[in-house]
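>>> fold the following and give me the result.
(one chain, ligands or ions: 2)
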Amino acid sequence: MIKKPFFSMGAPRLKYPVVKRPDPGFDSIPLPERVTVYIKRPLSPAVEGLIQAGERVKTGSRLFFDDEGSCFLSPVTGTIASLDEFAGYMDTRYTSVTIETASDEEVHEDIKGLSSVFSPENAAAFLADLPGSPDFKSFLKRKEPYEAIIVEGVDDDLLIRVNQAVLEGELKDVLEGIQILKKLTGVEQVYISALPSSSLRMKSGDVDVIEVSEQYPSALPEMIMKNKLKRVVPAGKKCSDSGVGFIKAEAVASLAKLINKGEVPVYKVVTVIDKKGSARNLRVRIGTKVCDILSHLGISTSYGDRIIAGGPMRGKSIYSEDMPVLWDTDAIMVQPGREITPCHDTPCINCGECVRACPANIPVNMLIRLLENRLYEMAVSEYDLLSCIECGLCSYVCVARIPLFQYIMLGKNEYLKLKSSEGSNV
Ligand code: SF4
Ligand code: SF4
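Ligands and ions are numbered 1, 2, ... in the order given. Alright, predicted model coming up:
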């Protein structure tokens, strides 16, 4: 996402941050007056039949559930103020639910008694959206269980310290969550990925640790598959297609807290990175608006600054401080306008930097020519568009400041849309 120089860095510093000691706990912020959540369904009579403006909800009430058992829990107790349609990244359409929070918090009855009735059969009804957004559908609905599950204890972008901090500070919950995960999925082999410096090495007991290098992007799932499990994920496929499931440490800890302690999974740990590049972790209620977080931390923004949801390499700019923290929001980063290196429409000078940087060995310099001309199918067949692991390194090194990563993400999205429309015309 961000091109160099980033936070005035003279030279690339592409190592993961290291959380060296058990986190004493995460700072939190006061419960906001309103929260907003985005349900991954367009606003429709089906959604409106389940929830309506004016309705009172409890913390843990199901806001939406579909035939396959996916559900979205209310992160607060309060009254639904409005339902709206929200168009997100790459034309994704959501239902936006805004809830006015009440001070007298009540937990929904279904959650209170959950541990006694929780089973692999009804798990999906509660686990569609844990913090970290695990894809439980793929975990629970497979004909054959995964060969292995990897609990991600290292975050997938630079500067972010969410999963490392959870691993250091909430290891007991992570280990208990792994036991629940094993029972739910029938998978015996569960690894935790960690940096060499992690204290997990010393206290892992009988947990299998996969050590990943501090060098970005070694903690990305495809890199772990290639470098540690010696399997290359084929182009256009996911790690799950190769029989390995990935899940964030935060999601696993939340699973244990939900089942063993009855804690509703309504908090998200977020790394907030200010204009000077200082990062700190906060635990916030899901649905909290970015403006509430920035205001609590005394971070002000001015015209020209950029706010990014996610990390510097893979994050996405957001256009409004009213955007909420969702289940998969790992970081909020504020980049001062004066340090933003603008993208240019200058042509590629064929320096080859992007090709040298690409861990997937994609000829990015050739790929970009096709993407600029919207030749998406050819980009897939000729230059391996679908092999991209979305690390953002090509954009970072591009001397011509071409927004390569954005072109690639757009190209993938357009290609998949093309394929699905062709499929539906058959
Ligand atoms: S094409 Fe760019 S974003 Fe994709 S894997 Fe290569 S360097 Fe990373
Ligand atoms: S780094 Fe940029 S300028 Fe250099 S070859 Fe790649 S796309 Fe072209």
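>>> rest of the way, CA atoms for contacts and neighbours
OK.
>>> let me see the contact set for Asn413.
Met90 (C-alpha atoms under 8 Å, 6 or more residues apart in numbering).
>>> how near is it to Leu404?
14 Å (C-alpha to C-alpha, to the nearest Å).
>>> equivalent analysis for Ser317, please.
If you go by C-alpha to C-alpha, the gap between Ser317 and Leu404 works out to 15 Å.
>>> and the two? Which one has more around it.
A direct count of neighbours by other C-alpha atoms under 10 Å for Ser317 and Leu404 places Leu404 higher, at 25 against 17.
>>> can you pull the contacts of that one?
Applying C-alpha under 8 Å, 6+ apart, the residues near Leu404 are Ile368, Cys394, Ser395, Cys398.
>>> go through these and flag which are in helices.
Ile368, Cys394, Ser395 (DSSP state H).
>>> need the pLDDT of the nearest residue to the first one once chain neighbours are set aside.
Read that as Ile368. Once flanking residues are discounted, Ile368 sits nearest to Leu404: 6.9 Å by C-alpha to C-alpha, 6 or more residues apart in numbering. Listed pLDDT for Leu404 reads 95.
>>> look up how far ligand 2 lies from Val362.
Not quite, residue 362 is Ile, not Val. Here the criterion is C-alpha to the nearest ligand atom, to the nearest Å. By it, Ile362 lies 11 Å from ligand 2.
>>> right, and that residue touches Tyr383 too?
Yes. Counting by C-alpha atoms under 8 Å, Ile362 touches Tyr383, with 6.7 Å between them.
>>> burial of Pro403, as a residue count?
Count around Pro403 with other C-alpha under 10 Å applied: 21.
>>> can I assume it is in contact with Leu393?
No. The pair Pro403 and Leu393 does not pass the contact test of C-alpha under 8 Å, sitting 11.1 Å apart.
>>> let's see stretch 259-266 as CSV, backbone CA atoms only.
Taking Å, rounded to 0.1, in the frame of the first residue of the first chain, the C-alpha atoms of stretch 259-266 are listed here in CSV:
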residue,chain,number,x,y,z
ILE,A,259,-16.5,-21.7,25.4
ASN,A,260,-14.7,-21.9,28.7
LYS,A,261,-15.5,-18.5,30.3
GLY,A,262,-18.7,-17.5,28.4
GLU,A,263,-17.0,-14.3,27.2
VAL,A,264,-18.8,-13.0,24.1
PRO,A,265,-16.2,-12.4,21.3
VAL,A,266,-16.9,-8.8,20.9
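>>> give me the element the closest residue to Asp345 other than its chain neighbours is part of.
Excluding the flanking residues, the one nearest Asp345 by C-alpha to C-alpha, 6+ apart is Ile402, at 6.7 Å. In this assignment (DSSP states H and E), Ile402 forms part of neither any helix nor any strand.
>>> quick one: the contacts of Leu404 as CSV, columns for pLDDT and distance to ligand 2 too.
Listed next are the contacts of Leu404 as CSV, based on pLDDT from 0 to 100; distance: C-alpha to the nearest ligand atom, whole Å:
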residue, pLDDT, distance to ligand 2
Ile368, 95, 7
Cys394, 96, 7
Ser395, 93, 7
Cys398, 93, 3
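>>> centre of the chain to stretch 323-341, how far?
Relative to the centre of its chain, stretch 323-341 is centred 13 Å away, using C-alpha atoms, centre = their mean, to the nearest Å.
>>> that one - what's its average pLDDT?
Stretch 323-341 shows a mean pLDDT of 90.
>>> end to end on that stretch, go ahead and measure it.
24 Å.
>>> now do the buried residues in it.
323-337, 339-340 (16 or more other C-alpha atoms under 10 Å).
>>> among the residues you listed, which are located in helices?
Among these, no member lies in helices (by DSSP H).
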